[in-house]
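Novice: Let's see this in three dimensions:
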Amino acid sequence: MKKIGIIVGSLRKESFNRSVAKYLASVAPESYSISFPDIGNLELYNQDLDDTPTDAWVKFRDEIKALDAFLFVTPEYNRSIPGVLKNALDVGSRPYGQSVWTGKPGGIISVSPGAVGGFGATHHLRQVLSFLNVYTMQQPEAYVGNITEALDDAGQVVAERTQTFLKQYMDGFVQWIERF
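Specialist: Reported below is the predicted structural model:
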């Protein structure tokens, strides 16, 4: 059974990104195990701690190392990725030469209540993932704009068009993973 970690770049309790991530998990093939690594409790990366990492860092690195693929579902903050997501990438990539991200397939979905759908965040994240040697799926791209129109009051993805798109994305991502 292959293991996908869906890493949500938003910590907000009623996060639109978490709603999309949960929907993606629900349409994943049964032959895949889905987890949601927690990035909200990681201390800020500090190279001074590389030799004596915090318990949260060790737990996170072990969890990421055990995954076969990563799917990042993120909002855009100030035309880039949220600091909490960048911190998680940094924590997992260190100490130098011991990255838990390297050589595995990844995908990116940006989610926004606005029309642009997180274009800037996606491209900044691609740049970081490229350096971390994550084989990031190029197509289909997924910029989910106007997300509030696709969710019900409970935060469930209910718009059929969005459901169809997300299912097609997950199918494409699974095909991408199978190449590895």
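Novice: what sits against the spatially most central residue of the chain?
Specialist: By Cα atoms, centre = their mean, the mean C-alpha position of the chain lies nearest to Phe72, the distance being 1.4 Å. Contacts of Phe72 were listed using Cβ atoms under 8 Å, 6 or more residues apart in numbering, and they are 6-7, 9, 85, 106-109, 125, 129. Every C-beta, even on glycine, is put in place using the N, C-alpha and C of the backbone.
Novice: So it: helix, strand or coil?
Specialist: strand (DSSP: H, G, I helix; E, B strand; the rest coil).
Novice: Dig out what it forms beta bridges with.
Specialist: Ile7, Ile108 (DSSP bridges).
Novice: And it, how far from Tyr32?
Specialist: Separation of Phe72 from Tyr32 (Cβ to Cβ, to the nearest Å) stands at 16 Å.
Novice: same thing with Phe165?
Specialist: Counting by Cβ to Cβ - Phe165 and Tyr32 are separated by 19 Å.
Novice: Alpha carbons of the longest helix that the chain contains, in CSV - could you do that?
Specialist: Across the chain, the longest stretch assigned as helix under DSSP state H is helix 160-178. Output of helix 160-178 as CSV, limited to C-alpha atoms (Å, rounded to 0.1, in the frame of the first residue of the first chain):
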residue,chain,number,x,y,z
GLU,A,160,-20.0,19.0,-8.9
ARG,A,161,-17.6,20.8,-11.2
THR,A,162,-15.1,21.2,-8.4
GLN,A,163,-15.5,17.6,-7.3
THR,A,164,-15.0,16.4,-10.8
PHE,A,165,-11.9,18.5,-11.2
LEU,A,166,-10.4,17.4,-7.9
LYS,A,167,-11.1,13.7,-8.7
GLN,A,168,-9.4,14.1,-12.1
TYR,A,169,-6.4,15.7,-10.4
MET,A,170,-6.2,12.9,-7.8
ASP,A,171,-6.4,10.3,-10.6
GLY,A,172,-3.6,12.1,-12.5
PHE,A,173,-1.5,12.3,-9.3
VAL,A,174,-1.9,8.6,-8.6
GLN,A,175,-0.7,8.0,-12.2
TRP,A,176,2.3,10.2,-11.5
ILE,A,177,3.1,8.3,-8.3
GLU,A,178,2.9,5.0,-10.2
